[in-house]
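Asks: return a 3D structure for these sequence lines:
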Amino acid sequence: MKRAVYLIGPPGSGKSAIMAELVAKLGLQFGREEHICRETTVQWLGPDAWMWGKWRDAFPGTDALGMAASRYLREWIEDGGEMPSLVLGEGVRLANLRFLLTLDAVRPVSVVYLWAPEEVLQARCIARNGDLKATYKTGAATRAEKLAGELEALGFPVMRVDTRWAGADLLAEKIVAELGL
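Replies: Next comes the predicted model:
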């Protein structure tokens with residue numbers, strides 16, 4: 001079955017940590033990188049799965065893509081770009097309605113909205129790399145919440161996950177189970 005899963009959420013919500021655990025729970029592993037179109041790289045996870053962007057220690061996933069990657073990737077998909085059966089993504093660079101609608105036109109997309117209270121997000125951001133600018137965090141949190149709401153209004157399956165109560169491994173297990181991956 002062809003499908004896509006995309007993790008969205010504010011900085012500190014656990015997108016990268018949960019993605020790493022999700023890949024492991026699915027029996028996949030990060031492999032070679034491949035450039036597929038302008039400003040867009042994918043990371044192979046197995047013979048029939050990939051993740052948008054690059055896996056790296058700091059700011060992995062779509063943070064590794066160029067600022068205009070969403071536009072070029074939409075054009076690539078619309079032109080019939082070939083994808084494996086399972087496509088995973090996390091991060092802000094492709095977390096927009098136009099990209100997700102374009103992707104959904106060629107395969108079902110499940111969006112997982114990861115969130116936690118502001119004080120939890122703040123503590124995680126400080127622990128990870130020092131405090132991020134408050135305006136960036138607030139803006140990213142607002143964009144993620146708005147996108148989840150817009151998708152739900154369009155009938156997209158959005159799984160909302162409060163990440164403050166469990167570690168990335170248990171949350172990845174929950175996502176696998178609830179999405180039937």
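Asks: what about the helices in the protein?
Replies: Per DSSP state H, the chain carries helices over the ranges 15-25, 69-78, 97-104, 118-129, 134-153, 168-179.
Asks: what about residue 37, neighbour count?
Replies: Residues near residue 37, counting by other Cβ atoms under 10 Å, number 16. C-beta here means a position set from N, CA and C on the backbone, and glycine is covered the same way.
Asks: so what's the nearest residue to it once chain neighbours are set aside up against?
Replies: Closest residue in space to residue 37, ignoring its immediate chain neighbours: residue 76 at 4.1 Å, by Cβ to Cβ, 6 or more residues apart in numbering. Counting by Cβ atoms under 8 Å, 6 or more residues apart in numbering, residue 76 makes contact with 36-37, 40.
Asks: filter those down to the ones in strands?
Replies: Within the contacts of residue 76, residues falling in strands by DSSP state E are 36-37, 40.
Asks: put together a markdown table for the contacts of residue 76, with distance to residue 114 on each row.
Replies: As requested, those are arranged in a markdown table below (distance: Cβ to Cβ, whole Å):
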| residue | distance to residue 114 |
| --- | --- |
| 36 | 26 |
| 37 | 27 |
| 40 | 23 |
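Asks: from those, which single one is nearest residue 92?
Replies: Residue 92 lies nearest to residue 40 out of the contacts of residue 76, by Cβ to Cβ, at 14.8 Å.
Asks: what is the closest one paired to in the beta sheet?
Replies: residue 37 (DSSP bridges).
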